[in-house]
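In: the following block contains a protein sequence and its predicted model.
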Amino acid sequence: MAKKVGTCVNIDCDNYKQDVEVEPGGEFECPICHQPLREKATGPAPDPDPRMRILLIVAAVLVLGGGGYGLYSYLNGDKEPETVVEQPKPVAPETPKDTATVAPEEPKVATPEPKRVDPKPTTPQNGRGTVDLGYGTYTGDLKNGKPHGYGTITYKKEQKIVPSKDFVAQPGDTFEGEFRDGRISGLGYWNHNGNKTAVKP
């Protein structure tokens, strides 16, 4: 009997993909890794693996089927159906049936209102009235628009009452007394934190 020849298919073996001769009657395995050998054909080519044959058949069917469909489509002029997106139709608002139609209103044109000018309060030039002095407000007798006679100053900010004296009024303080041509002219009283102090120029 002739020796059998096989190929080792164990990837971890030193005989991997090498031809191994086996004595007749011996185990058909690799002498190094003791794994079964794949028999090497010495005659006509063996049939391919049945799984491989099935894969080849499936591939051929797919190729032929796709080609046949393409040829059929070409000959019959078939086109792929176009995707049509339907636009929503505008819906008119419902009008009640029992109501009368009303004509649309004409647009109103905005007319600008005339600017309101508040008349400035006129300060009387003579007589009694109120005058803003900047540092305070004077209420009393006036002559030519200036304090002249008897009146009261209510201070809005720190101010010397009489320039020649050290009396300094604070916001909220008052001075009541005699005035001449816009200046303190006689004895008066400075009211500071509830205390009255007599002041004379």
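Out: Noted; the coordinates are in hand.
In: how far off centre is stretch 8-16?
Out: Centroid separation for stretch 8-16 versus its chain: 66 Å, with CA atoms, centre = their mean, to the nearest Å.
In: what does stretch 130-139 give?
Out: Offset of stretch 130-139 from its chain centre (CA atoms, centre = their mean): 54 Å.
In: could you do stretch 26-34 as well?
Out: 76 Å.
In: buried ones in it?
Out: Within stretch 26-34, the residues scored as buried using 16 or more other CB atoms under 10 Å are 29, 30, 33. Yep, even glycine has a C-beta here, placed from its N, CA and C like the rest.
In: so which of those belong to strands?
Out: Residues of the buried residues of stretch 26-34 located in strands (DSSP state E): none.
In: distance check, the spatially closest residue to residue 182 that is not a sequence neighbour against residue 186.
Out: Among residues not flanking residue 182 along the chain, residue 146 sits closest, at 3.9 Å (CB to CB, 6 or more residues apart in numbering). Note on residue 146: its distance to residue 186, by CB to CB, to the nearest Å, is 16 Å.
In: who's more crowded, those two?
Out: Legend: neighbour count by other CB atoms under 10 Å for residue 146 and residue 186, higher for residue 146 (16 against 11).
In: quick one, helices of the chain?
Out: 50-76 (DSSP state H).
In: any idea how it splits into domains?
Out: 1-43, 127-199 (automatic domain parsing).
In: deepest of those domains, which one?
Out: Of the domains of the chain, the one with the most neighbours on average (mean count of other CB atoms under 10 Å) is domain 127-199, at a mean of 15.
In: first-to-last residue distance for that one?
Out: The straight-line separation of the ends of domain 127-199 (CA to CA, to the nearest Å) is 25 Å.
In: let's have the chain start at 467 instead
Out: Done: numbering now begins at 467, and the last item shifts to domain 593-665.
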